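[1] Next one to model:
(one chain, ligands or ions: 1)
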Amino acid sequence: MEKILVLDFGGQYDQLIARRVRDQHIYAEIKPYSAISLSEIKDEGYTGIIFTGGPNSVYDSASPHYDPAILDAGIPILGICYGDQLMAYMAGGTVSSAEDSSEYGKTVVKVTGGALFSGVPEESVCWMSHTDYISSPPQGFRTTAFTASCPCAAMCDEGRKLYGVQFHPEVTHTEYGNQILRNFLYGVCGCTGDWSVEDYAERTIEDYRQKLKGKKVLLALSGGVDSSVAAALLSRAIGSDLTCVFVDHGLLRKDEGDMVEKTFKGHYGLNFVRVNAQERFLSKLAGVTDPEKKRKIIGEEFIRVFEDEAKKLGRLDVLAQGTIYPDVIESGKGDSAVIKSHHNVGGLPDVISFEGIAEPLRDLFKDEVRRVGTMLGIPRELVWRQPFPGPGLAVRVMGEVTAEKLAVLREADAIFREEVERAGIENAPDQYFAVLTDTRSVGVMGDARTYGYVVALRAVTTDDFMTAEWTRLPLEALERASSRITNEVHGVSRVVYDISSKPPATVEWE
Ligand code: XMP
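    Numbering: from 1, shown residues only. A predicted model of the protein is given here:
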């Protein structure tokens, strides 16, 4: 199988690059530069390598470098931004730093030839983000593009199949970015495009059918996209040897628990166990108002409930998890602060011993997981489900969580989501929900004064949830949601819209 290595030098676009390559039907994997040696690269038989950007300057002593012999390994390389400068530096060129030639944003680039720019017009728009630039390309290289302030916006040594671009072909602002990547992959590396996520899923199913033969497998199904797709995929491989335990902690959105049950119970040939643990969670949460305490209680109780159920099931050999590729990459970087607990539900469970772990989605990006889900027949509402925090509505009910407050929030949230969906917004928000604040406010209904909850509506637009913009929802949608919530949900007197971005706010209120 053709395989591209995205060698990560600390840039922010490593995952985007790999996804763009996969979009061209070629498998790509990301490795931090410090995690793979040149001999390992050679042994892996990569078809091509892409050096990513990075925040550093090649002359900083602390900046990431690599064995220059990689340039002579006979593997085609495309360097992007810092990766381009690093290639120039390693091959004996000169990189300079000059504030007055730094470029940021959309920039007109002029190309003068070379395999990378086949089919790309002489003049087009690219995305630049750099201060350093290549002031003198290495011997054997020629300049193939420039901009008004960057004399070498692209270079190549065609003999050694080494290519570099100062700009970012992977971002959509670069008009011909996909064409440039395609030229590298197909034109330079000679790829034929032998990868598709559907074939990959079929192969994975077959793989697991062999690997898990005769084993009893347990999966914690949250109803989120990842664990649902993992369940459907493994059930195709091993059928009734898979048991999915769905812990309904009572903190799900309106009708959500039933939807998960309806999707999986009696379908896919797996064993589905729903544990209705609402009471158990609510009694643990009684009187607790501190957000972190709430999270901790829910995480711990989840493990206890799961363990209790697992013990009832008898022999279990393998624990399956819905880990996806971004989780794997983040753990590879050793940056545990950014690893989310969505998939492994806080490290399940250490009192039951398993001989192995199955992670059938560990090579796939989120959009690919969704495609596999669709292919396996998981309903649209589930495959396209927006992210939902593990602690559920507990972090959207400010203060103490009670059954009454949850009921109010569930109704308000369902109305808001319905109205956003009904508005058919072209650039729909990536996450949108209601929050039940801990504030009550005076209202008037008919002739009577009311004193009800203030509900806050939140909608954000984001790529990665690390930063997010509040979404400019159409006022009519907000108006309809507000009027319906105050009219239809008993106990709400006022609705407000949250216009804070992240940072400084977070997406969730707690
Ligand atoms: P924040 O609030 O940190 O949210 O800006 C970023 C994204 O993460 C989700 N989120 C969580 N997911 N457990 C989860 O599984 C949590 O405790 C949690 N807190 C936030 C949030 O919904 C958003 O998508």
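
[2] okay, the biggest helix by length in the chain in PDB with CA atoms only?
    Taking DSSP state H as the assignment, the helix of the chain that covers the most residues is helix 291-312. Included here for helix 291-312 are C-alpha records, laid out as PDB according to Å, rounded to 0.1, in the frame of the first residue of the first chain:
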ATOM      1  CA  PRO A 291     -17.900  21.900  38.500                       C
ATOM      2  CA  GLU A 292     -14.700  19.900  38.900                       C
ATOM      3  CA  LYS A 293     -16.200  17.900  41.800                       C
ATOM      4  CA  LYS A 294     -19.200  17.100  39.600                       C
ATOM      5  CA  ARG A 295     -16.900  15.900  36.800                       C
ATOM      6  CA  LYS A 296     -14.900  13.700  39.200                       C
ATOM      7  CA  ILE A 297     -18.000  12.200  40.800                       C
ATOM      8  CA  ILE A 298     -19.400  11.300  37.400                       C
ATOM      9  CA  GLY A 299     -16.200   9.900  36.100                       C
ATOM     10  CA  GLU A 300     -15.700   7.700  39.100                       C
ATOM     11  CA  GLU A 301     -19.300   6.600  39.300                       C
ATOM     12  CA  PHE A 302     -19.200   5.700  35.700                       C
ATOM     13  CA  ILE A 303     -16.400   3.300  36.200                       C
ATOM     14  CA  ARG A 304     -18.100   1.800  39.200                       C
ATOM     15  CA  VAL A 305     -21.300   1.200  37.300                       C
ATOM     16  CA  PHE A 306     -19.400  -0.200  34.300                       C
ATOM     17  CA  GLU A 307     -17.400  -2.500  36.600                       C
ATOM     18  CA  ASP A 308     -20.600  -3.800  38.300                       C
ATOM     19  CA  GLU A 309     -22.100  -4.600  34.900                       C
ATOM     20  CA  ALA A 310     -18.900  -6.200  33.500                       C
ATOM     21  CA  LYS A 311     -18.700  -8.500  36.500                       C
ATOM     22  CA  LYS A 312     -22.100  -9.800  35.800                       C
END
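
[3] Check which helices and strands the very next helix or strand once past it sits against.
    Counting by DSSP states H and E, the next helix or strand C-terminal to helix 291-312 is strand 318-320. Applying 3 or more Cβ pairs under 8 Å, 6 or more residues apart in numbering; DSSP states H and E, one finds that strand 318-320 contacts strand 217-220, helix 225-238, strand 356-358. Using the backbone N, CA and C atoms, a C-beta is placed for each residue, glycine as well.

[4] Other residues contacting the shortest one?
    Put plainly, it is strand 356-358. Y208, K211, L212, K215, V217, L234, D317, V318, L319, A320, Q321 (Cβ atoms under 8 Å, 6 or more residues apart in numbering).

[5] would TSV of the helices and strands packed on strand 318-320 with mean pLDDT and mean neighbour count be doable?
    Converted to TSV, the helices and strands packed on strand 318-320 look like this (pLDDT from 0 to 100; neighbours: other Cβ atoms under 10 Å):
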stretch	mean pLDDT	mean neighbour count
strand 217-220	95	24
helix 225-238	96	25
strand 356-358	91	16
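
[6] quick one: which of the ones you listed is nearest the ligand?
    helix 225-238 (10.8 Å; Cβ to the nearest ligand atom).

[7] From I324, how far out is the closest residue to the ligand within the stretch 1-150 of the chain?
    Closest residue of the stretch 1-150 of the chain to the ligand, Cβ to the nearest ligand atom: Q15 (16.3 Å). The span separating Q15 from I324 equals 11 Å under the rule Cβ to Cβ, to the nearest Å.

[8] between these two, what contacts are shared?
    Common neighbours of Q15 and I324 (Cβ under 8 Å, 6+ apart) are F365.

[9] Tell me where the model's unsure across the stretch 201-350 of the chain.
    Across the stretch 201-350 of the chain, residues meeting the criterion (pLDDT under 70) sit at 332-350.

[10] mind running it again at 80?
    Counting by pLDDT under 80, the ranges of the stretch 201-350 of the chain that qualify are 330-350.

[11] Where does the spatially closest residue to H173 that is not a sequence neighbour sit: helix, strand or coil?
    For H173, ignoring the flanking residues on the chain, the nearest one in space by Cβ to Cβ, 6 or more residues apart in numbering is W127 at 4.0 Å. Under DSSP: H, G, I helix; E, B strand; the rest coil, W127 falls in the strand class.

[12] quick one: contacts for W127?
    Neighbour list for W127: G105, K106, T107, F167, H168, V171, H173, T174, G177 [criterion: Cβ under 8 Å, 6+ apart].

[13] separation between S34 and Y133?
    With distances defined as Cβ to Cβ, the gap from S34 to Y133 amounts to 25 Å.

[14] more crowded one of the two?
    Here S34 and Y133 are set side by side on neighbour count (other Cβ atoms under 10 Å), and the busier one is Y133, at 24 against 13.

[15] That one in helix, strand or coil?
    Three-state secondary structure (criterion: three-state DSSP) places Y133 in strand.

[16] which non-adjacent residue is nearest it?
    Leaving aside its chain neighbours, Y133 sits nearest to C150 (5.1 Å; criterion: Cβ to Cβ, 6+ apart).

[17] from memory that neighbour sits against T131, does it?
    No: using Cβ atoms under 8 Å as the test, C150 is too far from T131 to be in contact (10.8 Å).

[18] between the two, what contacts are shared?
    Where contact means Cβ under 8 Å, 6+ apart, the residues bridging C150 and T131 through contact with each are S101.

[19] Between these two, point out the one with more neighbours.
    When C150 and T131 are compared on other Cβ under 10 Å, the one with more neighbours turns out to be C150, at 21 against 14.

[20] quick one: contacts for that one?
    Taking Cβ under 8 Å, 6+ apart as the definition, contacts of C150 comprise S101, E103, T107, M128, H130, Y133, Q166.

[21] got any ranges where the chain has weak pLDDT?
    Judged against pLDDT under 80, the low-scoring parts of the chain cover residues 98-101, 330-353, 463-464.

[22] any idea how far L185 is from the closest residue to E510 other than its chain neighbours?
    Nearest in space to E510, with sequence neighbours left out and distances taken as Cβ to Cβ, 6+ apart, is P291 at 3.7 Å. According to Cβ to Cβ, P291 and L185 sit 46 Å apart.
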